[in-house]
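> What follows is a predicted protein model with its sequence.
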Amino acid sequence: MNDADWPRFAAALAPIAEIAPDRIRPDDRLVDEYGCDSVAIAEIAVLMTSEFDGAQALHRLDEAAWRQLTVGQLYDYDVQGRR
């Protein structure tokens, strides 16, 4: 993971996840650790599209995949452009 955009990514994700940006960790799971529901997941997809020019990979994720997705994977998928 390239850390160059991490602070901006964490700051953008924090209000949706309802957690302080400095407490967001790459290994945390969006659903399990932060309790993100379907509305929060939709907000994250919009965020990734508008702020990080991403969300291409996110559209292919089903509900089961979202339950396993870590913050670091989300960052790598769309902020860093890795699949």
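Great, that's in hand.

> Quick check: closest non-adjacent residue to Ile41.
Distances taken as CB to CB, 6 or more residues apart in numbering place Trp66 nearest to Ile41, at 5.6 Å, with adjacent residues excluded. Just so you know, the C-beta spots here come from the backbone N, C-alpha and C atoms, and that holds for glycine as well.

> meant to ask about Tyr34, not that
Going by CB to CB, 6+ apart, Tyr34 has Ala17 as its nearest residue, at 4.1 Å.

> same check, this time on Tyr75
Once flanking residues are discounted, Tyr75 sits nearest to Phe9: 5.5 Å by CB to CB, 6+ apart.

> For that neighbour, grab the count of nearby residues.
23 (other CB atoms under 10 Å).

> ok so it is a helix residue?
Yes. According to DSSP: H, G, I helix; E, B strand; the rest coil, Phe9 belongs to a helix.

> shouldn't it be in contact with Gly72?
No. Contact criterion CB atoms under 8 Å: Phe9 and Gly72 do not qualify, at 10.2 Å.

> Look up how far Ala65 lies from Cys36.
13 Å (CB to CB, to the nearest Å).

> who's more crowded, those two?
Counting neighbours by other CB under 10 Å for Cys36 and for Ala65 shows that Cys36 has the greater number, 22 against 12.

> Give me the phi and psi angles of the nearest residue to Arg29 once chain neighbours are set aside.
Of all residues not flanking Arg29 in the chain, Thr70 sits nearest, at 5.5 Å (CB to CB, 6+ apart). Backbone dihedrals for Thr70, given as degrees, to the nearest 10, come out at phi -90, psi 160.
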